[in-house]
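S.K.: show me how the following folds:
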Amino acid sequence: MPVRGIRGAITAAENTESSILTATMTLLREMIARNAGLEASDLASAWFTVTPDLDTAYPAKATRQFGWQLVPMMCSTEIPVPDGLPHCIRVLLHWNTSRNQDEISHVYIGEAAHLRPDLSS
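M.R.: Numbering: from 1, shown residues only. Okay, here's the model as predicted:
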């Protein structure tokens with residue numbers, strides 16, 4: 001079975017643990033809703049990144065709300081691109097699925113929608 005990537009991004013309202021985790025949960029809920037059949041047991045891994053201005057929580061902590069304790073996770077900081085979108089949380093889910101790439105729904109919410117207008121809805 002192939003591994004497919006699902007991309008997503010959202011911004012946190014502020015640099016607090018609550019804001020980072022709330023934004024991450026909102027993003028993951030939408031990714032699950034738009035990709036029917038996405039189950040923790042089918043995830044090979046998840047990689048989260050945050051902009052350098054978010055440093056009070058690991059976004060991967062939010063996955064506990066979804067029962068993803070056995071999914072390997074990684075968090076890192078994005079490179080500090082001048083004029084980049086502040087307070088941005090990004091995720092790449094590696095999904096074991098037989099779906100074609102054009103059947104995957106990537107999710108860019110709120111301010112993050114301008115990062116990939118071709119994929120935002």
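
S.K.: use CA for all of it now, contacts and neighbours both
M.R.: Noted.

S.K.: in the sheet, who's paired with the most centrally placed residue in the chain?
M.R.: Per CA atoms, centre = their mean, the C-alpha nearest to the average position across the chain is that of Val91, at 2.9 Å. Val91 has these beta-bridge partners by DSSP bridges: Gly8, Phe48.

S.K.: so it makes contact with Ile10?
M.R.: No: Val91 is beyond contact range of Ile10, at 9.1 Å (criterion: CA atoms under 8 Å).

S.K.: residue ranges of the strands in the chain, please?
M.R.: 3-11, 43-50, 73-77, 88-96, 107-108 (DSSP state E).

S.K.: for the closest residue to Ala46 other than its chain neighbours, give me its contacts.
M.R.: Among residues not flanking Ala46 along the chain, Leu93 sits closest, at 4.5 Å (CA to CA, 6 or more residues apart in numbering). Leu93 sits next to 5-7, 43-47 when contact means CA atoms under 8 Å, 6 or more residues apart in numbering.

S.K.: okay, now the unreliable bits of this structure?
M.R.: Counting by pLDDT under 70, the chain shows low-confidence ranges at 120-121.

S.K.: how many neighbouring residues does Glu78 have?
M.R.: Neighbourhood size, Glu78 [other CA atoms under 10 Å]: 16.

S.K.: do I have it right that it meets Thr51?
M.R.: Yes: using CA under 8 Å, Glu78 is in contact with Thr51, at 5.1 Å.
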